[in-house]
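J.: what's the 3D shape of this:
(2 chains)
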2 protein chains.
Amino acid sequence: MRRTLVRDALASREYGKEMTVAGWVRTRRDSKAGMSFVELNDGSCMGNLQVLAPASLANYASEVTRLHPGASIKVTGQLVESPASGQAVELQATTLTVLGFCDPLEYPLGKSRISFERLREVAHLRARTNTFGAVARVRNALAFATHRFFQERDFYYFNAPIITASDCEGAGEMFQVTTLDLEKPPRDPDSGKIDFKQDFFARPANLTVSGQLEAETHACALGNVYTFGPTFRAENSNTTRHLAEFWMIEPEIAFADLNDDADLAEDYLRFLFQEVLARCPEDLKFFDQRVEKGLLANLEALAKAEFTRISYTEAIALLEKAADKFEFKPYWGADLQSEHERYLAEELFHGPVIVMNYPKEIKAFYMRLNDDQKTVAAMDVLLPTVGEIIGGSQREERLDVLEARIRDIGMTPEDYWWYCDLRRFGTVPHAGFGLGFERMVRFCTGMGNIRDVIPFPRTPQSAEF
Amino acid sequence: MRRTLVRDALASREYGKEMTVAGWVRTRRDSKAGMSFVELNDGSCMGNLQVLAPASLANYASEVTRLHPGASIKVTGQLVESPASGQAVELQATTLTVLGFCDPLEYPLGKSRISFERLREVAHLRARTNTFGAVARVRNALAFATHRFFQERDFYYFNAPIITASDCEGAGEMFQVTTLDLEKPPRDPDSGKIDFKQDFFARPANLTVSGQLEAETHACALGNVYTFGPTFRAENSNTTRHLAEFWMIEPEIAFADLNDDADLAEDYLRFLFQEVLARCPEDLKFFDQRVEKGLLANLEALAKAEFTRISYTEAIALLEKAADKFEFKPYWGADLQSEHERYLAEELFHGPVIVMNYPKEIKAFYMRLNDDQKTVAAMDVLLPTVGEIIGGSQREERLDVLEARIRDIGMTPEDYWWYCDLRRFGTVPHAGFGLGFERMVRFCTGMGNIRDVIPFPRTPQSAEF
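T.: All right, here's what the predicted structure looks like:
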């Protein structure tokens, strides 16, 4: 079927042109003059196309008058200038085919106001609503903008493995992957313990928490790369900010230091904001009006914002001066709390802030040790209203320093043999960062709960659909 | 660091221009005239940039003469016309900084010819070789071409869930995901069975085998969507064509039938071939010369090929005429074997073939039942040399027919309540297909083993890195 998207029909001014559209009925209104007005949505945009269905249609009485919200139809007709206000065009139907009726008594979306909580229970249908259609479009725009940004800068897309047997990092928060019969797993006759040699991978395996370490292998061979794939945390956090399954973007740049990393993060964020503003103006206007007042102005400011860069040490000094504002007292050596991050971005600098060079004790082992021996070349990018949106670092490229740091955390360099190899054979300075994709979609839509910006959220006790 | 990519340096003709490059040494040759020639590769292309390092460099004796393959360096110098044949330009170094030495006795890539099998054991380094660098670039080009293709046609990128609790499809081949203590899982006091209510998702969960069913929810709300994400099969197949973890592309089109689906598959495949030819000519030439003779001509033919469309019934009739050529006798009702598929594409039609309308018994329950009541609206796209590359179908959009088909396979419609809902509320004809991304990368590179076209392959007994 050749169909015209509602978006293109609405933008067209070719009055008299015949076209076919298809989609789902949002509302139907019957006029006393003996015709019906049907608002049609096909997901191509927020707006509906008004279809004028005259009583002269062969199936007018038998079908058109039985159309309820959610029904699917195909309409061929002529595009005409609309006499009604608020819309430039409408479609005068010459044929209207019902593809599927929709019983208003059974349809979960039949009611006018449905809570986001209730919509989560019918997540298979919620993309048919204004809000979730808009979320899907914004999410799509941000995803493609990500690929464009990195591809245009000669980064290679890199697929980090999802299943991993390197359980070195935060094993406690990882999901296990197995094909063993859990009721009766094979056991080692001597120890009585589960015999993982008989598992699919012949060893315990988990779902990845980050593709960074693997991405480094390719940055240290091909130059700049980026991941964009699912990552997992088996954290029992029932909050509006956490998902057990989420998508991450992790660029890794070769021959780069922490400043290059910060430059890239700035450019990337500005590009995302510019793109979403350019591609989804109608959806963002909706979110600005209905979900978060001020969203649009905030995004527009960020799309051209200068990013302030300060050291962690400077940040602590600034925060200590305002210590009485905080629940958690800031001090050198402690991680920044969300309230601290927001204070810096919102009240002190009125815009995005990049905090650099954190105490080594509160950051990961692979971050590059600075000459002061106390801090590492880490950075967090903070945005007004949400705090941290990006975390990154220059990676430790010196083999001896890396090995010492690995021992510091109670591991042995052999556990990371391949990661150390990158430093053993032609090591290069390199850096990278991670962005939680859903956090960005949430930020750009103003949606309060992160479960509402991914099609089918996975959270503790919930893996529906 | 502002560096020029080797690719751009090689393409430049700005003789006399100063530039900085960085990368890894491929070879070093010392001339009797007292200088060294260093072949530098940075992954931006297959080719190396020749660096001319004069003895006048301050670190010539102390460092340059100790450079071995795999060492990393940064070079600033002047681009000059090369007197040597086979290269247009070279870089006359004014400074050469060693970033990391590489011990030739320890470096796994030091030897000249290393088997692909051995390289799999050092997969963290193999992207530094010509072959695997080229694979990474082709893979990247195909991935971005995929996004461009669908985005330019107004498809939304859709992220299907990775962890899923709908274990309806082929549960036997699924990986289980759990946070239970496998040694001592909690058990229900009455039945003695594992108490999955205490598992992370409060029920058994698995890794997805396909995002199709979930993608249909968004096609039936937003129009056209596509997935591009990891999928999993816990199949104990140790072959050159199977991975336990692989990436799939699954478009789903609304208001579409099987012919629309075939049109899309054709357009998509041609676009991929055109794009990889346009973006990776040097890499494809390498594969054509070193890996699979005739690859380039094959891809060029496919980039403008007409696709033959025949019915399964016609295909069987044609195959029966050549029955003595086959190990497996073709007959109506049996699935096509690889030898049948290749015979159709290679010997009979000399190009891609789309076989349509298969017997319902050998296809999935969700494929649309044709009017003959014997076949379903399924299609397989066959390519010369590999056979099936794409499988797709029009989906059953009639609730009563779908429910009957679900019962036929011994399930109940309640198991698929949300999938049936799509047919209950404003159902629309829709169709889609799946392409295994690694199969396509393998096809475009000629690499024999699918483990060599994904950075870190997951296969039975192997989840290294």
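
J.: which stretch of helix or strand covers residue A:93?
T.: Per DSSP states H and E, residue A:93 falls inside strand A:89-100.

J.: buried set for the helix or strand just after that strand?
T.: Going down the chain from strand A:89-100, the next helix or strand is helix A:116-121, by DSSP H and E. Neighbour-count burial for helix A:116-121 flags A:116, A:119-120 (criterion: 16 or more other Cβ atoms under 10 Å in any protein chain shown). C-betas here are computed from N, CA, C, even on glycine.

J.: adding distance to chain B and pLDDT, write those residues out as a markdown table.
T.: Shown next, in a markdown table, are the buried residues of helix A:116-121 (distance: Cβ to the nearest Cβ, whole Å; pLDDT from 0 to 100):
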| residue | distance to chain B | pLDDT |
| --- | --- | --- |
| A:116 | 16 | 96 |
| A:119 | 12 | 97 |
| A:120 | 13 | 97 |
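
J.: as CSV, those with distance to residue B:257 would be great.
T.: What follows is the buried residues of helix A:116-121, written out as CSV (distance: Cβ to Cβ, whole Å):
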residue, distance to residue B:257
A:116, 35
A:119, 31
A:120, 33
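
J.: buried stuff in stretch A:61-77?
T.: A:63-64, A:67-77.

J.: looking at the buried residues of helix A:116-121, spot the one nearest residue B:134.
T.: residue A:120 (45.4 Å; Cβ to Cβ).

J.: with adjacent residues omitted, what lies nearest to the residue in the stretch 151-300 of chain A positioned nearest to chain B?
T.: Nearest residue of the stretch 151-300 of chain A to chain B: residue A:222, at 3.2 Å (Cβ to the nearest Cβ). Leaving aside its sequence neighbours, residue A:222 sits nearest to residue B:43 (Cβ to Cβ, 6 or more residues apart in numbering or on different chains; 3.2 Å).

J.: quick one, phi psi at that neighbour?
T.: Per-residue torsions, residue B:43: phi 80, psi -10 (degrees, to the nearest 10).

J.: need the strands for the stretch 1-150 of chain A, in chain order.
T.: Counting by DSSP state E, counting those that start in this stretch, the stretch 1-150 of chain A has strands at residues A:18-31, A:35-41, A:49-54, A:72-81, A:89-100.

J.: repeat that for the stretch 351-465 of chain A.
T.: Using DSSP E, counting those that start in this stretch, strands in the stretch 351-465 of chain A cover A:353-359, A:375-383, A:387-394, A:430-436.

J.: what is the neighbour count of the closest residue to residue A:406 other than its chain neighbours?
T.: Leaving aside its chain neighbours, residue A:406 sits nearest to residue A:413 (5.2 Å; criterion: Cβ to Cβ, 6+ apart). If you count neighbours by other Cβ atoms under 10 Å in any protein chain shown, residue A:413 ends up with 16.

J.: cool, and residue A:303?
T.: If you count neighbours by other Cβ under 10 Å, residue A:303 ends up with 17.

J.: on that earlier part again, Throw the strands of the stretch 1-150 of chain A into CSV and include mean pLDDT and distance to chain B, thanks.
T.: Output for these, formatted as CSV (pLDDT from 0 to 100; distance: least, Cβ to the nearest Cβ, whole Å):
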stretch, mean pLDDT, distance to chain B
strand A:18-31, 97, 4
strand A:35-41, 97, 9
strand A:49-54, 98, 13
strand A:72-81, 98, 4
strand A:89-100, 98, 4
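
J.: quick one: residue A:80 from residue A:89, how far?
T.: 7 Å (Cβ to Cβ, to the nearest Å).

J.: more crowded one of those two?
T.: For residue A:80 and residue A:89, the more surrounded residue by other Cβ under 10 Å is residue A:89, and the numbers stand at 18 against 14.

J.: contacting residues around the more buried one?
T.: A:9-10, A:12-13, A:15, A:49, A:79-82 (Cβ atoms under 8 Å, 6 or more residues apart in numbering or on different chains).

J.: ranking by neighbours, what's the top pick from those?
T.: Counting by other Cβ under 10 Å, top hit in the contacts of residue A:89: residue A:49 with 29 neighbours.

J.: deepest of the strands of the stretch 1-150 of chain A, which one?
T.: strand A:49-54 (a mean of 22; mean count of other Cβ atoms under 10 Å in any protein chain shown).

J.: so which elements touch that one?
T.: helix A:6-11, strand A:18-31, strand A:35-41, strand A:72-81, strand A:89-100 (3 or more Cβ pairs under 8 Å, 6 or more residues apart in numbering or on different chains; DSSP states H and E).

J.: end-to-end on stretch A:50-67?
T.: 14 Å (Cα to Cα, to the nearest Å).

J.: how far out from the middle of the chain is it?
T.: Here stretch A:50-67 shows a centroid-to-chain-centroid distance of 41 Å under the convention Cα atoms, centre = their mean, to the nearest Å.

J.: skipping adjacent residues, who's closest to residue A:23 in space?
T.: residue A:42 (3.2 Å).

J.: hmm, residue B:220 and the one you found touching each other?
T.: No: the criterion here is Cβ atoms under 8 Å, and residue A:42 misses it with residue B:220 at 11.0 Å.
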